[in-house]
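Peer 1: Dropping a prediction and its sequence here:
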Amino acid sequence: MNRLSSRHLLGLEDAPHRDIELILNTAETFREVLDRRIKKVPTLRGITVLNLFYEPSTRTRISFELAEKRLSADTVNFSTSASSVAKGESLRDTVQNIEAMKIDMTVVRHNSAGAPYFLTQCMETNVINAGDGSHEHPTQALLDMFTIRKKYGKLDGLRVVLLGDVKHSRVIRSNIFGLKTMGASVALCGPATLMPYEVEQFGCDVYTNLDAALDGADVVNVMRIQGERQQSGLFPSRREFSNLFGINRERLKRLNKNYTIMHPGPINRGVELTSDVADGDSSVILDQVTNGQAVRMAVLYLLSGREEGESQ
Amino acid sequence: MASRKYDLVIRGGRVIDPALGFGSDATVFIKDGTLAKIEPESAAGRRSLKSLDKSQLIDATGKLVVPGLIDIHVHLREPGHEAEETVESGCRAAAAGGFTAVCCMPNTTPCIDNQETVKFVQDRAQNADARVYVVGAITKNLAGEQLSEIGDLVKMGAVAITDDGHFLQNPEIMRRALEYARMFDIPVMQHAEDQYLTAGAVMNESFQSARLGMKGAPPVAEEIAVTRDIALCRMTESRLHIQHVTTRGAVEAIRQAKREGVNVTAEVTPHHLILTDEEIGREFNTSLRVNPPLRSRRDRDAVIEGLVDGTIDCIASDHAPHSIEEKDCEFDQAPPGMIGLETTLGLVKTYLIDKGYLSWADAVRKMTINPARILNLKGGSLSRGAAADVTIIDPDKKWTVKADRFRSRSKNSPFVGWKLSGQVVTTILGGRVVYDR
């Protein structure tokens, strides 16, 4: 079966194992395309993709746009500053107006959890979640899994630490769901004030002690700490955060041999990670960015319903 | 024409009036808008009805005949938000739900913190299909700072005070409100929610908020607020009414306070008795965005227990109409609230009576005499001489909730499409049939 079980990608919580595997396998093919001299295929020629960004984003937006262009799709970009949202138009009216211009697929980033689901109720297009509030960011987790799998050849049985703001990180949430489905063992680590209530129900090991979390792990995926969390008093200072939860060379000794350091970016160097770790041999941070394009190409292709070799 | 002996007679039904301790087949006689008498069914009685005109006779065979239901927590939205509801439409919805009296909350625009606005609402309610009792604002502009002219409000007919929707965060102001209200023997109705703990929250704080990545309101925010207010109520020897109780902690605090003799009463909504926060992630249905939020099963079970053992005195809908436009949006952008007047009875029957938690008599008590007593309202019983406010219920009638059948101007109910058992067939207000299915 070369089809996903849903015509949307809203999150990984309910994504079956075979869907994730299909996306990762398909992404392998597109990853090769990115190493060619001509990095473009005709796969989505004639398909129009709307990139609907209600929140600021640099790398996710560029990554999606490049992925679309490399698949020969036409793209339209929408961001709040240039939209009618400022004039008070509702989300439904906004997207239905754009859809009336004949859009096939929608990529959405929105600050409200559940907004991508809402779009599936007001539009006919396929909807891809590019991050909804603190809920999910499925393509980021897929590219993280792709990157891990590329290095180890598997996900099953690996120990992955997700470090940082567990409460507000959509990347962590999608990683938890995806990694668990794929058979990895997941540890969550961060300050208690950045842990959601009843976090243990995710079925992960939960740590507030970084050294304990790192013991015997293969992968550490470090999340960005947002400045506003500090302002709202969820932790005392960046300095203290760095002392308790910052990754440095010394701490890496607790990890398994052949360990991997990941970060979805943008990095606060010296806070979450020291520069020597971020730029070290075990860091795959830039690979994540490249792989992200391949994964997004795979998702766009699979959801489009186009058959291989078919273009128009 | 000679004056008729009776204007309206309801025969054949089972009359349930917990206040009178009545629960058997009987005939209800209404004259001049008041209840003339209730007589047990008999052959002689049936014969005497032969002389009555057909239009004067309601056959309630197989039905329940109960005192007109009372809902002490309703938002009628007028003045200021007439697109969502008006006094007239809200009372039509009340009648369709079997309610003959409602208490309207003061968070209108302008808010009900002055005599003129009390009078305005009362005038609007003059010919409405339900009695409207006005609840005034505790503080001016519901700002939580300076007491309203509560004496004025009471003089005009306000039956209680509340800053509903806004917890009175400052305990000193709450203390003054309780002391001041005591002079007029009215309760202070509190929306119990410590707002420091719930800032920005859009749902309950639980694993459900964790998995959806939404900001949650912790149950302890309610428990802390209730506990504080009970302490102030105990000290001031005033009357405190806790609105829409949703948590185990609050139920336990109220249970304990009642045991000690503190003058505290409480209400619970049908939705907090039935739904949990697990519903939200399915479709992000904005009708499920309510404040206080839908809680976990554990809390839901505790409020059922509290209702059953009498810790919670009454059922109130917190009928909160919102227009389609306001609710057709992202979950966290939607204003909190759902309508309830037209679904309360069916939900109570289907989910509390049929599941064995309450008998019909218990349920009727919690929707008639108990709420009446909390606010010193007339009604809630079919006693002789009382206004003839009567509700007739088909106890096992199956029906499906349909949005286009709502008489409310708003449709924001998560129960649309639900199949319920138990339906209001006739509602009588002061001897006048205001609803007949």
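Peer 2: Looks like it arrived, so ask away. None of the values given here were measured: they were computed from a predicted structure. Numbering: from 1, shown residues only, chains lettered A, B, ... in the order given.

Peer 1: CA only for contacts and neighbour counts going forward, please
Peer 2: Will do.

Peer 1: which intervals of the stretch 51-200 of chain A have sub-threshold pLDDT?
Peer 2: A:81-87 (pLDDT under 70).

Peer 1: how about the helices in it?
Peer 2: For the stretch 51-200 of chain A, helices defined by DSSP state H, counting those that start in this stretch occupy the ranges A:59-70, A:91-99, A:115-122, A:138-152, A:170-181.

Peer 1: helices or strands next to the longest one in the packing?
Peer 2: Helix A:138-152 is packed against helix A:17-33, strand A:126-132, helix A:170-181, helix A:285-304, with contacts defined by 3 or more CA pairs under 8 Å, 6 or more residues apart in numbering or on different chains; DSSP states H and E.

Peer 1: Validate this expectation: B:Val434 resides in a strand.
Peer 2: Yes: per DSSP: H, G, I helix; E, B strand; the rest coil, B:Val434 lies within a strand segment.

Peer 1: if we can go back for a sec, so which of the helices of the stretch 51-200 of chain A is the most packed in?
Peer 2: helix A:170-181 (a mean of 25; mean count of other CA atoms under 10 Å in any protein chain shown).

Peer 1: Figure out how far it is from the centre of its chain.
Peer 2: Offset of helix A:170-181 from its chain centre (CA atoms, centre = their mean, to the nearest Å): 9 Å.

Peer 1: Give me the spatial nearest neighbour of B:Cys38, chain neighbours excluded.
Peer 2: Let me fix one detail, which is that residue B:38 is Ile and not Cys. Nearest non-adjacent residue to B:Ile38, counting by CA to CA, 6 or more residues apart in numbering or on different chains: B:Val28, 4.6 Å away.

Peer 1: Would you mark the buried spots in the strand or helix carrying that neighbour?
Peer 2: Element membership of B:Val28, judged by DSSP states H and E, is strand B:22-31. Going by neighbour count (16 or more other CA atoms under 10 Å in any protein chain shown), the buried part of strand B:22-31 is B:Phe22, B:Gly23, B:Asp25, B:Ala26, B:Thr27, B:Val28, B:Phe29, B:Ile30, B:Lys31.

Peer 1: any residues touching the next helix or strand after it, and which ones?
Peer 2: Helices and strands here follow DSSP H and E; after strand B:22-31, the next one along the chain is strand B:34-40. Here strand B:34-40 makes contact (CA atoms under 8 Å, 6 or more residues apart in numbering or on different chains) with B:24-30, B:45, B:382-388, B:430-431.

Peer 1: ok so, going back, tell me the contacts of the residue nearest to B:Ile38?
Peer 2: B:Val9, B:Ile10, B:Arg11, B:Leu35, B:Ala36, B:Lys37, B:Ile38, B:Glu39.

Peer 1: of the residues you listed, closest to B:Thr368?
Peer 2: B:Leu35 (15.9 Å; CA to CA).

Peer 1: and stretch B:265-284, does that touch chain A?
Peer 2: Yes: interface with chain A: stretch B:265-284 contributes B:Glu283, B:Phe284 (CA under 8 Å from any CA of the partner chain).

Peer 1: Dump the strand holding B:Val28 to CSV, restricted to CA.
Peer 2: Extracted C-alpha coordinates of strand B:22-31, given in CSV (Å, rounded to 0.1, in the frame of the first residue of the first chain):
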residue,chain,number,x,y,z
PHE,B,22,-46.5,14.3,46.9
GLY,B,23,-45.9,11.5,44.4
SER,B,24,-49.0,9.9,43.0
ASP,B,25,-51.6,10.1,40.3
ALA,B,26,-53.7,13.2,40.8
THR,B,27,-55.7,15.9,39.1
VAL,B,28,-54.4,19.5,39.3
PHE,B,29,-57.0,22.3,39.3
ILE,B,30,-56.0,25.8,38.3
LYS,B,31,-58.1,29.0,38.7
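
Peer 1: how distant is that strand from the center of its chain?
Peer 2: 25 Å.

Peer 1: Near chain B, which residues of the stretch 151-300 of chain A? Just list them.
Peer 2: Counting by CA under 8 Å from any CA, the stretch 151-300 of chain A sits next to chain B at A:Lys167, A:His168, A:Ser169, A:Arg170, A:Arg173, A:Pro196, A:Tyr197, A:Glu198, A:Val199, A:Gln201, A:Phe202.

Peer 1: Reformat the residues you listed into JSON lines and put distance to A:Thr75 next to each item.
Peer 2: Below are those laid out as JSON lines (distance: CA to CA, whole Å):
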{"residue": "A:Lys167", "distance to A:Thr75": "33"}
{"residue": "A:His168", "distance to A:Thr75": "30"}
{"residue": "A:Ser169", "distance to A:Thr75": "28"}
{"residue": "A:Arg170", "distance to A:Thr75": "25"}
{"residue": "A:Arg173", "distance to A:Thr75": "28"}
{"residue": "A:Pro196", "distance to A:Thr75": "37"}
{"residue": "A:Tyr197", "distance to A:Thr75": "40"}
{"residue": "A:Glu198", "distance to A:Thr75": "41"}
{"residue": "A:Val199", "distance to A:Thr75": "39"}
{"residue": "A:Gln201", "distance to A:Thr75": "40"}
{"residue": "A:Phe202", "distance to A:Thr75": "37"}
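
Peer 1: Please pick the buried ones from those.
Peer 2: For those, buried by 16+ other CA under 10 Å: A:Lys167, A:His168, A:Ser169, A:Arg170, A:Arg173, A:Pro196, A:Tyr197, A:Val199, A:Phe202.

Peer 1: got the contact list for the fifth one?
Peer 2: Taking CA under 8 Å, 6+ apart as the criterion, A:Arg173 is in contact with A:His135, A:Glu136, A:His137, A:Val166, B:Arg211.

Peer 1: By neighbour count, which of those wins?
Peer 2: A:Glu136 (29 neighbours; other CA atoms under 10 Å in any protein chain shown).

Peer 1: ok, now which ones touch the residue lying closest to it once chain neighbours are set aside?
Peer 2: In this structure, A:Glu136 finds its nearest non-sequential neighbour in A:Arg170, 4.4 Å apart by CA to CA, 6+ apart. Listed by CA under 8 Å, 6+ apart, the contact set of A:Arg170 reads A:Gly131, A:Asp132, A:Gly133, A:Ser134, A:His135, A:Glu136, A:His137, B:Gly213.

Peer 1: try 6 Å this time
Peer 2: A:Ser134, A:His135, A:Glu136, A:His137 (CA atoms under 6 Å, 6 or more residues apart in numbering or on different chains).

Peer 1: do you know how far it is from B:Leu49?
Peer 2: According to CA to CA, to the nearest Å, A:Arg170 stands 71 Å off from B:Leu49.

Peer 1: how about low-confidence regions in chain B?
Peer 2: B:1-3.

Peer 1: Look through it and state the residue closest to chain A.
Peer 2: B:Gly213 (4.2 Å; CA to the nearest CA).

Peer 1: what's around that residue, how many residues?
Peer 2: 24.

Peer 1: same thing with B:Ser323?
Peer 2: 17.

Peer 1: Need the contacts of B:Val28 in TSV (columns: neighbour count and distance to B:Asp318).
Peer 2: Putting those into TSV (neighbours: other CA atoms under 10 Å in any protein chain shown; distance: CA to CA, whole Å) gives the following:
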residue	neighbour count	distance to B:Asp318
B:Val9	25	33
B:Ile10	21	31
B:Arg11	26	33
B:Leu35	25	29
B:Ala36	23	33
B:Lys37	15	33
B:Ile38	20	33
B:Glu39	14	36
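
Peer 1: May I have the secondary structure class of the closest residue to B:Arg437 other than its chain neighbours?
Peer 2: Spatial nearest neighbour of B:Arg437, chain neighbours left out: B:Val425 (5.0 Å); criterion: CA to CA, 6+ apart. Under three-state DSSP, the three-state class of B:Val425 is strand.

Peer 1: so what's residue 74 up against?
Peer 2: In the absence of a named chain, chain A is used. A:Thr48.

Peer 1: if you could check chain B rather than the one you did, that'd help
Peer 2: B:Cys103, B:Cys104, B:Asp318, B:His319.
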